[in-house]
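In: One predicted model, sequence on top.
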2 protein chains.
Amino acid sequence: MRDVAVIGVGMTKFGELWGKSLRDIFVEAALAAIADAKVDHIDSMYVGNMSSGLFVEQEHLGAVLADYLGMGPIPATKVESACASGGAAFRQAVLEVASGASDIVLAGGVEKMTDSFDATAVLATAADQEYEAYYGVTFPALYAMIANAHMHRYGTTREQLAMVAVKNHENGSKNPNAQFRSLITIDDVLNSAPVADPLRLLDCSPVTDGAAAVIVCPMEIARQYTNSPVKVIASSQASDTIALHSRDDVTTLRAVAKAAERAYSMAGLKPENIDLAEVHDCFTIAEIVVTEDLGFFEKGSGGKAVELGWTQREGGKIPINTSGGLKSKGHPVGATGIAQIIELYEQLTGRAGERQVKDAHIGLAQNMGGSGASCVIHILQSV
Amino acid sequence: MRDVAVIGVGMTKFGELWGKSLRDIFVEAALAAIADAKVDHIDSMYVGNMSSGLFVEQEHLGAVLADYLGMGPIPATKVESACASGGAAFRQAVLEVASGASDIVLAGGVEKMTDSFDATAVLATAADQEYEAYYGVTFPALYAMIANAHMHRYGTTREQLAMVAVKNHENGSKNPNAQFRSLITIDDVLNSAPVADPLRLLDCSPVTDGAAAVIVCPMEIARQYTNSPVKVIASSQASDTIALHSRDDVTTLRAVAKAAERAYSMAGLKPENIDLAEVHDCFTIAEIVVTEDLGFFEKGSGGKAVELGWTQREGGKIPINTSGGLKSKGHPVGATGIAQIIELYEQLTGRAGERQVKDAHIGLAQNMGGSGASCVIHILQSV
């Protein structure tokens, strides 16, 4: 396998982009990435997208977007793994370059969610339609069950959940592309509208429009395009049961733990070698569970870790979601995994501005679908 | 890049499978492929599917199907390229094995179309939603425009279109997995209900439920599993404008021509070296145009070639759609590209029974999406 590098990135602002269509925002992000990488062509393209069919009644998204990007007749394929679609698209781009089939590949992600009349129902199609969604369960409810179990077993507190949101909004306040740049307090979270007990509105990532794109190429030619390529030192993916009720234990996410095990093995690293991580905080409880399953903290101590400030951007043992995470930056589901890679790229190349983490050399991105039935992990390193 | 081989295949009968769900039929096909390949595990899985979101309100299909197949925690990803989703899924499996990331990969395809109340509207999401589908154009109408232009420019006749359907039904009559095994006549086609002039009901592929799966592995270990591996000697993909009105010429499909050019170049072959081909006859006119753009016949002479019997299974210069094609075998859109690979595998290993083409060593599969905005081509060779 050839080594693969990220050589350029681009994204739209995340938010309620009423004046722009799905193809508009994808093209905006893709052109920004192409300009940033200074490539004069792309050989192939992957598009991470969860459900353009249900959100905007457009399938065949690879062809649509290659056409609107003016890049036909290149191969262009949509990749779907629910909210991990962006991570999965990045993985396919990495595999294609690694295989030797192509040199310059664009991995993008996009979701236009606000044009839909019922985003929650569309998102529920990432759960088990026959045994969960059909009976009315939504994702806030599924993650609420995880939160209740975690609080019951490990003593995780309602306030610790809130601290995840507070931290991520503080990070997002420094990110010009974030949907919500407002600072919030623990009381704001605790007093926000109940959604599914114990989760409240400010525990939930928002409904977002947005697109993101990165350019990858073989490591051996990366320096033709940039002085600061970022090497992909691990790419892994795993799955778990689609339905929460099929799992032995809902306080751990098997796909995250399995994908992490493979990723660390590929990179020859341990959790303590990671300088910062973007993780899938679709709900505050998700960040706590995931940081445990990634091995950053002991099982059950993820809440305590947040309380102790271990995940903060400044002074934290391992800064988590310096971009603002899904909570503050927004969560256009197909774009999220690519936006995570972009934050790592910005941090590892020293371009993260006010959010810059000092001495950041190795970053991990963890993107997951549904209630964790799929997980994609990448580890990137500055070279 | 490592050479890749197909070592086993499996599929469901195609048809109106009222008693089975999407996950049932996928698992049935996947288990058949696993048994046929005699593998004791799979490392990874791709699922070609166009629109399970709109057809059965289930996204996150990779994770759902890996779970129901009992294969968690393997990586499992859905790949979408409209009606070329199956071909695209096979291509991703080939790239993953070629890269060295995995050894035993399952490429499957599935579509459950008959559970939907309006399959034509779902299929129309593979066209340009904003400039075609929104205004009421459906795929029969788009291919009718292609047919009219082809008849006008090249003198292709209404009867020649019918001959494609007659031939494919004759082939399908020998295929136990085909949806329609009835023999039909030219008069049957000409007297069937008008759909979009000049296309009639028997010019159109049907709405179908079905699933198909194949197992690929590195060529170097293929003989551990089978005495008759089939080598993938070319994998290519290309795109074209999504909307028909954006094309300079609607009588040729640029994505097909471009993908074919690359595929022949990769394989070091010319069209005349191909012993048989499975092509995307979603409508009778599509087979005629595609066989021209693949270089089997001069531009404009595809209709004449059918009339002269050049595409017949017995005695033809190049047998086309020995499986029955989409027309007779059925067209569960996400599964079609995989089912094409299966027919080639059966033919190249001498397992095609009554449909067996003599001395078949090299086969080509051409799978396309929409009105040809995406095309995936594979060339397989017996070794």
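Out: Structure received.

In: thinking A:A32 is in contact with A:M11, fair?
Out: Yes. Using CB atoms under 8 Å, A:A32 is in contact with A:M11, at 6.9 Å. To be clear about C-beta, it is placed using only N, CA and C from the backbone, and glycine gets the same treatment.

In: May I ask which helix or strand encompasses A:R262?
Out: Per DSSP states H and E: A:R262 is located in helix A:254-267.

In: Quick check: next helix or strand after that helix?
Out: Along the chain past helix A:254-267, the next helix or strand (assigned with DSSP H and E) turns out to be strand A:276-278.

In: helices or strands up against that following strand?
Out: Using 3 or more CB pairs under 8 Å, 6 or more residues apart in numbering or on different chains; DSSP states H and E, the elements in contact with strand A:276-278 are helix A:333-348, strand A:362-369.

In: For the ones you listed, give me CSV that also has distance to A:D118, mean neighbour count and mean pLDDT.
Out: Formatted as CSV, the helices and strands packed on strand A:276-278 follow (distance: least, CB to CB, whole Å; neighbours: other CB atoms under 10 Å in any protein chain shown; pLDDT from 0 to 100):
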stretch, distance to A:D118, mean neighbour count, mean pLDDT
helix A:333-348, 15, 30, 98
strand A:362-369, 19, 29, 98
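
In: Walk me through the domains of chain A.
Out: As assigned by automatic domain parsing, chain A contains the domains A:4-118+A:208-224, A:131-206+A:233-378.

In: So which of those domains is the most surrounded?
Out: Greatest average neighbour count among these goes to domain A:4-118+A:208-224 (a mean of 25), per mean count of other CB atoms under 10 Å in any protein chain shown.

In: Let's see the distance spanning that domain from one end to the other.
Out: When the termini of domain A:4-118+A:208-224 are compared using CA to CA, to the nearest Å, they are 14 Å apart.

In: Tell me how far that domain lies from the chain's centre.
Out: Put simply, domain A:4-118+A:208-224 sits 14 Å off its chain's centre (CA atoms, centre = their mean, to the nearest Å).

In: avg pLDDT for it?
Out: Domain A:4-118+A:208-224 shows a mean pLDDT of 98.

In: So that domain, near chain B or not?
Out: Yes. With CB under 8 Å from any CB of the partner chain as the measure, domain A:4-118+A:208-224 is seen reaching chain B through A:21, A:23, A:44, A:50-51, A:53-54, A:56-64, A:66-67, A:71-82, A:88, A:91-92, A:95-96, A:98-101.

In: Out of these, name the ones that lie in helices.
Out: Among those, DSSP state H puts A:23, A:53-54, A:56, A:61-64, A:66-67, A:88, A:91-92, A:95-96, A:98-99 in helices.

In: Just the endpoints, please. Distance across stretch A:127-141?
Out: End-to-end distance for stretch A:127-141, by CA to CA: 11 Å.

In: ok, residues contacting it?
Out: Residues outside stretch A:127-141 that contact it (CB atoms under 8 Å, 6 or more residues apart in numbering or on different chains) are A:120, A:123-126, A:142, A:195-196, A:199, A:204, A:242-245, A:282-283, A:370-371, B:21, B:23, B:56-58, B:60, B:64.

In: Phi first, then psi, for the closest residue to A:V195 other than its chain neighbours.
Out: Among residues not flanking A:V195 along the chain, A:P140 sits closest, at 4.6 Å (CB to CB, 6 or more residues apart in numbering or on different chains). With angles defined as degrees, to the nearest 10, A:P140 shows backbone torsions of phi -60, psi -40.

In: Check the stretch 201-350 of chain A for the residue nearest chain B and tell me.
Out: For the stretch 201-350 of chain A, the nearest residue to chain B under the criterion CB to the nearest CB is A:Q237, separated by 3.6 Å.

In: so what's that residue bridging to?
Out: When assigned by DSSP bridges, A:Q237 has beta-bridge partners A:V376.

In: for it, what are its contacts?
Out: A:87-88, A:91, A:259, A:374-377, B:44, B:75, B:77.

In: What's the per-residue pLDDT of it here?
Out: Reading off the model, A:Q237 has pLDDT 98.

In: Checking my notes, A:I379 in a helix, right?
Out: No. Applying DSSP: H, G, I helix; E, B strand; the rest coil, one finds A:I379 to be strand, outside a helix.

In: who in the stretch 201-350 of chain A is up against chain B?
Out: A:235-243, A:246, A:254-255, A:258.

In: how about these in CSV, adding distance to A:I318?
Out: What follows is those, written out as CSV (distance: CB to CB, whole Å):
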residue, distance to A:I318
A:S235, 20
A:S236, 19
A:Q237, 22
A:A238, 21
A:S239, 26
A:D240, 24
A:T241, 29
A:I242, 30
A:A243, 31
A:S246, 31
A:R254, 22
A:A255, 21
A:K258, 20
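
In: out of everything not next to it in sequence, what's closest to A:S228?
Out: Setting aside the residues directly before and after it, A:S228 is nearest to A:T349 in space (CB to CB, 6+ apart), at 4.3 Å.

In: And for A:D36?
Out: A:G8 (3.6 Å).

In: Make sure the one you found is actually in contact with A:I215.
Out: Yes. Under the criterion of CB under 8 Å, A:G8 makes contact with A:I215 at 4.4 Å.

In: tell me, what's touching those two both at once?
Out: Going by CB under 8 Å, 6+ apart, residues that sit against A:G8 and also against A:I215 are A:33-34, A:36-37, A:39.

In: Give me the subset of those lying in helices.
Out: The helices, defined by DSSP H, take in A:33-34, A:36-37 from these.

In: now, which of the residues you listed sits nearest chain B?
Out: For these, the closest approach to chain B (CB to the nearest CB) belongs to A:I34, at 16.6 Å.

In: ok, the closest one - contacts?
Out: Contacts of A:I34 by CB under 8 Å, 6+ apart are A:8, A:10, A:42, A:106, A:213, A:215.

In: Mind giving me the packing neighbours of the helix or strand hosting the fourth one?
Out: It stands for A:L106. According to DSSP H and E, A:L106 maps onto strand A:105-112. Packing contacts for strand A:105-112, counted by 3+ CB pairs under 8 Å, 6+ apart, involve helix A:22-37, strand A:44-48, helix A:52-56, helix A:61-68, helix A:85-99, strand A:209-218, helix A:333-348.

In: Many thanks, I have nothing further to ask.
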